[in-house]
Structures are given as C-alpha cells and as structure tokens.
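1. sequence? don't have it. structure:
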C-alpha cells in the first residue's frame, strides 16, 4: 500500500505534535523536524512495499497454489514478513 504525500505529511505532523504536546521531545525547529519526519515515513513506506513484494513472490513460488486471503496464506505472509524484517535488521 502506497501512502499519498498528503497522508505522509499528516502522519509526520501529527506524530511530531503529539511528541511535543506530551513533553516527550523538544522540537526547536518544527519545519525541519517535519521535513525529516516526512522523509522517514516515506522511506519506511517504501521499504514496506519492497518487503511485501518479496513475501508475495515467496508465497507464489509454493507449488501447491495457496489462495490469497486463506488462513494458510495469512500465516505464511506473517511468517515470511517477519523473516524478511529480521534479515533487514528492522525486527529483532
């Protein structure tokens, strides 16, 4: 799923505002922090799309032909996704 630029901006703005308002972070330069937050969320979204594609290819390569949306497909998707996240150092 690809996030729109408007959604990325919204998520970055809301995240920074929440951190600031709850006293969890001091944000001296909000526009700079917002720009960095947007870049970080966009990069995360892009990596998620890459991982999703890798996982789907793995499931499609299984000869039995697992139907997307089935319980088996969901279990394999989660397992392979976690495996891929660990490989990339995103999940420990």
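-> That came through fine. Worth saying up front: this structure is predicted, and the values here are computed from it rather than measured.
2. Residue 15: what's it in contact with?
-> Residue 15 makes contacts with residue 37, as judged by Cβ atoms under 8 Å, 6 or more residues apart in numbering. C-beta coordinates here come from the backbone N, C-alpha and C atoms, glycine included.
3. Show me the helices in this structure, by range?
-> Taking DSSP state H, the helices of the chain run over residues 5-21, 30-60, 71-87.
4. Export the ones you listed as JSON lines, with columns for mean pLDDT.
-> Formatted as JSON lines, these follow (pLDDT from 0 to 100):
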{"stretch": "helix 5-21", "mean pLDDT": "94"}
{"stretch": "helix 30-60", "mean pLDDT": "92"}
{"stretch": "helix 71-87", "mean pLDDT": "93"}
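5. Now stretch 59-75: buried residues?
-> Residues of stretch 59-75 classed as buried: 59, 66 (neighbour count, 16 or more other Cβ atoms under 10 Å).
6. Next, the distance between the ends of that stretch.
-> Using Cα to Cα, to the nearest Å, one end of stretch 59-75 lies 11 Å from the other.
7. Could you check how far it is from the centre of its chain?
-> 22 Å (Cα atoms, centre = their mean, to the nearest Å).
8. All further residue positions should be reported with the first residue as 478.
-> Shifting the count to begin at 478 puts that one at stretch 536-552.
9. what's it in contact with?
-> Under Cβ under 8 Å, 6+ apart, the answer for stretch 536-552 is 553, 554, 557.
10. what about residue 489, distance to residue 498?
-> Distance, residue 489 to residue 498, by Cβ to Cβ, to the nearest Å: 15 Å.
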